[in-house]
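Student: Structure here, sequence nowhere to be found:
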DNA sequence: GTGAAGGGCCAC
DNA sequence: AAACGTGGCCCTTCAC
């Protein structure tokens, strides 16, 4: 059973001696208690720091104006120093509050949530709450009943005991996790993740500005378009109906795939198993009604996911959108984002241009050029594929020239398009039938093109096959940071084996790309520290920074440098290219 | 009425 | 026979 002797700190004098004691330790536990989940709405009540012997509970309500209060400086110093190492669960949360309410950036972190996810290596059955982690690693139960209690009034002994336990448990939990991280060679990956937390905390605090008036304006236009598509689609679908209602045409629920499928069948459209876009696309040429359906769905999707609802996500205090980012959102290590997901705002300018800079500010929008393909080239060491990048010219054209054995200037637009689709497809483990479907050639032709692609890049082919086979054999794979991705599958199920092969080739590529981005975010944080530029969005291979107009050029250089440097740490031979632009709106 | 699953589509 | 990887979010359908 975890026990903790706590000391409540409410005076400058006690604070000094407590921090003095804390700085004698190499490793301490960290937790906070707040009156809300939103740092802009609530107050930071307690900061708990634990050693192996005791827990110091700092009651910030006992100190006036915490952010500027000189009496709290020793506490800030302990938190900002690289040592002692601060252990916390979901430290991004604590870091946001400490930054905003205590004016300190925490350095020297060990995050038990991230460590738990890294160790689980993508096993989606594992849960990663503090409670689950304590149960799994320490075989103990943790009482969370006071978590949502009122932290704004006089605190009960039960609350203080709860507060101290959460901090105290960090030390034994970390010990168990370090054992596992070492055993699985995951220390480097963990360090990468821990160093990325502070940039993520800043990202969430900064938020992304959305021009609400412009958004509403644009929505009206899209809504009109939807009404028009809906009308036209109803008209076209009704032709197959046996009878209309007495009051006119029988309306079909266009958002019901069941009803729409029925209606399309009535019209004699040879329907595939389901009505997903990529299955319907080939029918769009022959059946205008199918083309119309796809048009309708695109507009409908945009309107439902990115309609009025997103305006509710604007924080009334900052006037900006503070989305939730999950640093390890996918088994590959990729991030995920929600409430709202600003990583998948539709590309249409009508949406993107609503994300604009405030007065006197600029965006620096920087993205990696073909990062996944460069990683693939570098790890496979395929001479031809690497050459295509080293030439510095248009990659898809260069690929087409090699695959179709023509001079780059003689590549037709069709050949370039084949090359482009294949370049993108190989990362996902595309097969000939799918390639045929998306390019409109026969499966035999597709097989021929793919064969010549892989003959042109034999080592690339070998690497892909090998990666897939190894994934099946070892039931795991690694990214360039040595991040582990485990696979679970039924070896008697051929579909699952095929799926594991695709995962086995895709994960190291996608995951390494995530590694590079995370490293870039940390380097960027270090570069931007002394400026008032801030990270405002991250989209897998793209970074959006908002900065003062007057510094835009300088900041753009810093962003580019951080990203290229990060890339070069992992990709040794193939050049890393970053394209940075200065913009007023989030458009390319 | 509620919640999970299925189907679909957006981003990379 | 299978057919392109990772996520989030929407709507409908269906079971409880």
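Tutor: Noted; the coordinates are in hand. Please read these numbers as outputs of a predicted model, since none were measured by experiment.
Student: Tell me where chain A has strands.
Tutor: With DSSP state E as the criterion, chain A has strands at A:5-9, A:27-34, A:44-50, A:54-59, A:85-88, A:109-111, A:324-326, A:336-338, A:361-368, A:476-478, A:484-486, A:534-538, A:542-548, A:578-583.
Student: Ok, which of those strands comes nearest residue A:234?
Tutor: Residue A:234 lies closest to strand A:336-338 among these, at 33.4 Å (CB to CB). Quick note: C-beta positions are derived from backbone N, CA and C, even for glycine.
Student: Mind checking if that closest one is in reach of DNA strand B?
Tutor: No - using CB under 7 Å from any atom of the strand, strand A:336-338 stays clear of DNA strand B, coming no nearer than 9.0 Å.
Student: now what about that strand, what contacts it?
Tutor: With contacts defined as CB atoms under 8 Å, 6 or more residues apart in numbering, strand A:336-338 is touched by A:323, A:324, A:325, A:326, A:329, A:330, A:343.
Student: at 6 Å what do you get?
Tutor: A:323, A:324, A:325, A:326, A:329, A:343 (CB atoms under 6 Å, 6 or more residues apart in numbering).
Student: so what's the last one up against?
Tutor: Contacts for residue A:343 (CB under 6 Å, 6+ apart) come out as A:337, A:539.
Student: I'd like the average pLDDT over stretch A:29-47.
Tutor: Averaged across stretch A:29-47, pLDDT comes to 94.
Student: repeat for stretch A:59-74
Tutor: Averaged across stretch A:59-74, pLDDT comes to 94.
Student: Between the two ends of that stretch, how far is it?
Tutor: Distance across stretch A:59-74, first residue to last, is 14 Å (CA to CA, to the nearest Å).
Student: picking up where we left off before, return the closest of the contacts of strand A:336-338 with respect to DNA strand B.
Tutor: residue A:343 (6.0 Å; CB to the nearest atom of the strand).
Student: in stretch A:397-413, what's buried?
Tutor: Across stretch A:397-413, burial judged by 16 or more other CB atoms under 10 Å covers A:397, A:398, A:399, A:400, A:401, A:402, A:403, A:404, A:411.
Student: how about those residues in JSON lines, adding pLDDT and distance to residue A:269?
Tutor: Output for the buried residues of stretch A:397-413, formatted as JSON lines (pLDDT from 0 to 100; distance: CB to CB, whole Å):
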{"residue": "A:397", "pLDDT": "93", "distance to residue A:269": "38"}
{"residue": "A:398", "pLDDT": "92", "distance to residue A:269": "41"}
{"residue": "A:399", "pLDDT": "92", "distance to residue A:269": "36"}
{"residue": "A:400", "pLDDT": "93", "distance to residue A:269": "35"}
{"residue": "A:401", "pLDDT": "93", "distance to residue A:269": "40"}
{"residue": "A:402", "pLDDT": "92", "distance to residue A:269": "40"}
{"residue": "A:403", "pLDDT": "91", "distance to residue A:269": "36"}
{"residue": "A:404", "pLDDT": "92", "distance to residue A:269": "36"}
{"residue": "A:411", "pLDDT": "94", "distance to residue A:269": "37"}
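Student: re earlier: among the strands of chain A, which is nearest residue A:126?
Tutor: Of these, nearest to residue A:126 by CB to CB is strand A:484-486, at 10.5 Å.
Student: residues in contact with the closest one?
Tutor: A:121, A:122, A:184, A:331, A:476, A:477, A:507.
Student: do that again at 8 Å, thanks
Tutor: A:118, A:121-123, A:184-186, A:189, A:331-333, A:475-479, A:503, A:507-508, A:511.
Student: Which of those residues fall within helices?
Tutor: A:118, A:189, A:503, A:507, A:508, A:511 (DSSP state H).
Student: still on that earlier bit, if we only consider the buried residues of stretch A:397-413, which is nearest to DNA strand C?
Tutor: Proximity of the buried residues of stretch A:397-413 to DNA strand C was ranked by CB to the nearest atom of the strand; the top entry is residue A:399 with 16.8 Å.
Student: With respect to residue A:231, which of the ones in helices among the contacts of strand A:484-486 is nearest?
Tutor: So of those, ranked by how close each gets to residue A:231 (CB to CB), first place is residue A:503, at 43.4 Å.
Student: Serialize the ones in helices among the contacts of strand A:484-486 to a markdown table and add fields for neighbour count and distance to DNA strand C.
Tutor: Formatted as a markdown table, the ones in helices among the contacts of strand A:484-486 follow (neighbours: other CB atoms under 10 Å; distance: CB to the nearest atom of the strand, whole Å):
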| residue | neighbour count | distance to DNA strand C |
| --- | --- | --- |
| A:118 | 26 | 14 |
| A:189 | 26 | 17 |
| A:503 | 24 | 5 |
| A:507 | 28 | 7 |
| A:508 | 25 | 12 |
| A:511 | 26 | 9 |
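Student: What is the nearest of those residues to residue A:308?
Tutor: Of all the ones in helices among the contacts of strand A:484-486, residue A:308 sits closest to residue A:511, with 36.3 Å by CB to CB.
Student: and the closest one, how far is that from residue A:229?
Tutor: Applying CB to CB, to the nearest Å, the value for residue A:511 to residue A:229 is 39 Å.
Student: cool, residue A:135 as well?
Tutor: Residue A:135 sits 52 Å away from residue A:229, going by CB to CB.
Student: Tell me which of the two has more neighbours.
Tutor: With neighbours defined as other CB atoms under 10 Å, residue A:135 and residue A:229 compare such that residue A:229 has more, 20 against 14.
Student: In terms of pLDDT, where does the more buried one sit?
Tutor: At residue A:229, pLDDT is 87.
Student: wait, it sits on residue A:296?
Tutor: Yes - counting by CB atoms under 8 Å, residue A:229 touches residue A:296, with 4.2 Å between them.
Student: returning to what we had before: of all the buried residues of stretch A:397-413, which comes closest to residue A:38?
Tutor: Among the buried residues of stretch A:397-413, and counting by CB to CB, the member closest to residue A:38 is residue A:399, at 48.1 Å.
Student: I figured that closest one was touching residue A:425, is that so?
Tutor: No - using CB under 8 Å, residue A:399 is not in contact with residue A:425, being 11.9 Å away.
Student: Make CSV from the buried residues of stretch A:397-413 and add distance to residue A:208 to it.
Tutor: Listed next are the buried residues of stretch A:397-413 as CSV, based on distance: CB to CB, whole Å:
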residue, distance to residue A:208
A:397, 35
A:398, 36
A:399, 35
A:400, 38
A:401, 41
A:402, 41
A:403, 40
A:404, 43
A:411, 39
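Student: Select from those residues every entry located in helices.
Tutor: The helices, defined by DSSP H, take in A:397, A:398, A:399, A:400, A:401, A:402, A:403 from the buried residues of stretch A:397-413.
Student: Among those residues, which ones lie close to DNA strand C?
Tutor: Answer for those near DNA strand C: none qualify (CB under 7 Å from any atom of the strand).
Student: and the stretch 351-500 of chain A, which residues reach DNA strand B?
Tutor: residue A:367.
Student: And the residue of the stretch 351-500 of chain A closest to DNA strand B?
Tutor: Nearest to DNA strand B in the stretch 351-500 of chain A, going by CB to the nearest atom of the strand, is residue A:367, at a distance of 6.9 Å.
Student: At the geometric centre of chain A, which residue sits there?
Tutor: Compute the mean C-alpha point of chain A, and by CA atoms, centre = their mean the closest residue is residue A:335, 2.0 Å away.
Student: Now do the contacts for the closest residue to that residue other than its chain neighbours.
Tutor: Take residue A:335 and drop its neighbours on the chain: the residue closest to it by CB to CB, 6 or more residues apart in numbering is residue A:329, 4.8 Å away. Contacts for residue A:329 (CB under 8 Å, 6+ apart) come out as A:335, A:336, A:337.
Student: Check residue A:71 too.
Tutor: Neighbours of residue A:71 in contact, by CB under 8 Å, 6+ apart: A:12, A:15, A:63.
Student: Quick check: the last one touching residue A:72?
Tutor: Right, residue A:63. Yes - assessed by CB under 8 Å, residue A:63 is found in contact with residue A:72 at 5.8 Å.
Student: More neighbours: which of those two?
Tutor: Remark: of residue A:63 and residue A:72, residue A:72 carries more neighbours, 23 against 19, as counted by other CB under 10 Å.
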